[in-house]
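Undergrad: whatever this is, show me its structure:
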Amino acid sequence: MSFENLNLIEPILKALRTEGYTSPTPIQEQAIPVLLDGKDLLGVAQTGTGKTAAFAIPIIQKLFIEKQEGERRGGIRALIITPTRELAIQIGESFAAYGKHTGLKHLVVFGGVSQGSQTNALKTNIDVLVATPGRLLDLMDQKFIHLHLIRFFVLDEADRMLDMGFIHDVKKIVAKLPPKRQTLFFSATMPPEISNLANTILNNPIRVEATPVSSTAERVEQGIYYVEKNDKKSLLIHLLKDPAIKSVLVFTRTKHGADKVAKELTKVHIKADAIHGNKSQNARQKALSNFKSGQIRVLVATDIAARGIDVDNLTHVINFEIPNIPETYVHRIGRTGRAGASGIALSFCDEEELNYLKDINKLTGQAIPIIDEHPYPMSPALIAKGSPKVALKQKPHFKGGFQRRRPEGDRR
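TA: The predicted model follows:
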């Protein structure tokens, strides 16, 4: 299957070729025909499956055709709601890339920065608006944004909306939308409250799924280190001595923890920075830009801040702290091994996190391979409380890790 088989218009195909995309991912292959046909869609897809293109491409095509046929009226026609600034920016970049030959205009609005430039941009002829809920409601209350002409509505990362307490904001926004619209609803998981929300805003949707949340990416090789809590910093520094770890996203549970880890790495001359909700938008964007360009080697992040991070050729993810929600582990390691490339995900597990690890193994239906050979092992008595020991399928090729395979296939 290629994008040419999906009845896409030439301006989009040209943009996809420029981006180096030739074959759609499973979620794109399933969703694009449904959306071009005008039907509502319920997409169950975790990070790294290509869902942004799955909704952006058909929206761009339908808006472009309307414009060509003279149906275009002034006002915002497509609205995408997403929980974080970083994800909003990433979605905006996708609309810019796929729609570069269509003449359509998009705008991204989010909080944490002055609204002046955003309100000025709203005075121009905007076709697509990408927004976080809080800033969108603020601009609606001030009469800068009106939603009565919306024909395409996308609710992205709905489960994360719930986690961040945005569900009530989302309901307020939905109440202002015209009833006659096409609605696209994406969520990595479907807890009851999210399922109920989907039922209230979708009209006879087609359901598509890609990589259930219990499944870890096939190209991501995993390893677990049993290590005392106080030794985690030393183990991280030890691993980062290996130049094979070219770019690594390190996860912590808290904002304070992210700052602390980044500072400790900087002290030993490892280029690192932290990204989390307490940092200003400019600081977050600078850290992310420096990471993408290779100016810093390590980006330390909390789960919410990392949700929108999409970095080409991210070689490693390290869970400095095991997440207490097992689905979060799957999302974290999905940041690497994307779009045909391979990746490595390493996790540090201390005594207090043994039950978290058991929950992850239960969810994924597999035990993460244990890496014994490192200078900071946990005592055997404590390890005995953890998951059953699983032998590595191959000999480690760097200090306590795996050899990275050469990327395969096209990046999507």
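
Undergrad: list the contacts of stretch 167-181.
TA: Contact partners of stretch 167-181, identified using C-beta atoms under 8 Å, 6 or more residues apart in numbering, comprise 79, 81, 133-134, 136-137, 140, 147-153, 155, 158, 161, 193, 197, 200-201. (C-beta placed from N, C-alpha, C; glycine too.)

Undergrad: give me the phi and psi for the spatially closest residue to L36 that is not a sequence neighbour.
TA: Closest residue to L36 apart from its sequence neighbours, by C-beta to C-beta, 6 or more residues apart in numbering: P58 at 4.9 Å. Main-chain dihedrals, P58, degrees, to the nearest 10: phi -70, psi -30.

Undergrad: please enumerate the helices of the stretch 251-400 of the chain.
TA: 255-267, 281-293, 303-306, 326-333, 354-364, 380-383 (DSSP state H, counting those that start in this stretch).

Undergrad: kindly compare burial across the ones you listed and name the winner.
TA: Here the criterion is mean neighbour count by mean count of other C-beta atoms under 10 Å, and of the helices of the stretch 251-400 of the chain the winner is helix 326-333, at a mean of 23.

Undergrad: what's the average pLDDT for that one?
TA: Taken as a whole, helix 326-333 carries a mean pLDDT of 81.

Undergrad: from the contact counts, what lies against it?
TA: Counting by 3 or more C-beta pairs under 8 Å, 6 or more residues apart in numbering; DSSP states H and E, the packing neighbours recorded for helix 326-333 are helix 303-306, strand 316-319, strand 343-349, helix 354-364.

Undergrad: swap in 10 Å and give it another go.
TA: Contacts defined by 3 or more C-beta pairs under 10 Å, 6 or more residues apart in numbering; DSSP states H and E place helix 326-333 against helix 158-163, strand 220-226, strand 248-251, helix 303-306, strand 316-319, strand 343-349, helix 354-364.

Undergrad: could you tell me the least trusted of the ones you listed?
TA: Summarising mean pLDDT across the helices and strands packed on helix 326-333, the least confident stretch is helix 303-306, with a mean of 66.

Undergrad: can you put the helices and strands packed on helix 326-333 in CSV and add distance to K286?
TA: Rendered in CSV, the data for the helices and strands packed on helix 326-333 read as follows (distance: least, C-beta to C-beta, whole Å):
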stretch, distance to K286
helix 158-163, 24
strand 220-226, 28
strand 248-251, 16
helix 303-306, 14
strand 316-319, 22
strand 343-349, 25
helix 354-364, 32
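
Undergrad: so which of the ones you listed gets nearest V261?
TA: V261 sits nearest to strand 248-251 of all these, at 6.2 Å, using C-beta to C-beta.

Undergrad: for that closest one, which strands pair with it and how are they oriented?
TA: When pairing is defined by DSSP bridges, strand 248-251 lines up against strand 298-301 (parallel), strand 316-319 (parallel).

Undergrad: identify each buried residue in it, please.
TA: Going by neighbour count (16 or more other C-beta atoms under 10 Å), the buried part of strand 248-251 is 248-251.

Undergrad: next: stretch 366-379.
TA: 367-371, 374, 376-378.

Undergrad: thought R297 was touching I245, still the case?
TA: Yes - taking C-beta atoms under 10 Å as the definition, I245 is a contact partner of R297 at 7.8 Å.

Undergrad: three-state assignment of G165?
TA: Reducing the assignment at G165 to three states with DSSP: H, G, I helix; E, B strand; the rest coil gives coil.

Undergrad: all strands of the chain, in order?
TA: Using DSSP state E, the strands of the chain run over 41-45, 78-81, 106-109, 128-131, 152-155, 182-187, 206-210, 220-226, 248-251, 272-275, 298-301, 316-319, 343-349.
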